[in-house]
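Q: Quick one, what's the 3D model for this:
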Amino acid sequence: MNRLRTCVAMLSIATMIVAAIFLMVPEVHLSVIVAMGIGGAALAIVAPFEAMDRPARRRVLYACLAHVLAMIATLGLLVVTEASIRPLSVVALLLTVGAVLSGWAFKSRNRRRRVGWNDYYD
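A: Take a look at the predicted model:
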């Protein structure tokens, strides 16, 4: 679960950096940046906490799904505002990484700790 949390933290940082870069692009509207910030913040909320039990793992899953939904909204806003292909491709890449992390979080959401096995989950 530590690797998943590390990847979630890196995706959150990458999302915030891209949103900050989009502030300097004149064709990207503020609504796009706000939607990206919401997605990055959803991941940043759960990244620093341990996820050793099932409810905590489900919170990571819900945060990943919130990021995916925010990136879908961002992609929709970019299409509506008729942005060029570069911002669309960057947001599509963030959406894809978020979807992969959502799948990983979904796969590991019901793992149980095996007693006697040092940090082994089944």
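
Q: Would you state the helices of the protein in chain order?
A: Applying DSSP state H to the chain gives helices spanning 2-22, 30-46, 54-80, 85-107.

Q: Distance from the chain centre to the second one, please.
A: Same thing as helix 30-46. 9 Å (CA atoms, centre = their mean, to the nearest Å).

Q: How about the first one?
A: A distance of 7 Å separates the C-alpha centroid of helix 2-22 from that of its chain, computed with CA atoms, centre = their mean.

Q: Give me the contacts around it.
A: 28, 32-33, 36-37, 39-41, 43-44, 46-48, 50-51, 60, 63-64, 67, 87, 90-91, 94, 97-98, 101, 104-105, 108 (CB atoms under 8 Å, 6 or more residues apart in numbering). All C-beta spots, glycine's among them, are computed from the backbone N, C-alpha and C.

Q: Can you select the buried ones from those residues in ChimeraX?
A: Buried residues among the contacts of helix 2-22 (16 or more other CB atoms under 10 Å), as a ChimeraX selection:
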select :28,32,33,36,37,39,40,41,43,44,46,47,51,60,63,64,67,87,90,91,94,97,98,101,104,105,108
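
Q: Low-confidence stretches in the protein?
A: 1, 111-122 (pLDDT under 70).

Q: The same query, at a cut-off of 90, please.
A: 1-8, 25-27, 46-61, 82-85, 104-122 (pLDDT under 90).

Q: Measure how buried Lys107 is and give me the count.
A: 11 (other CB atoms under 10 Å).

Q: What separation is there between it and Leu101?
A: Taking CB to CB, to the nearest Å as the measure, Lys107 falls 11 Å from Leu101.

Q: what does Leu61 give?
A: For Leu61, the distance to Leu101 (CB to CB) stands at 9 Å.

Q: tell me the contacts of the closest residue to Val25 other than its chain neighbours?
A: Leaving aside its sequence neighbours, Val25 sits nearest to Pro87 (CB to CB, 6 or more residues apart in numbering; 6.6 Å). For Pro87, the contacting residues are 22, 25, 27-28, 32, 78, by CB under 8 Å, 6+ apart.
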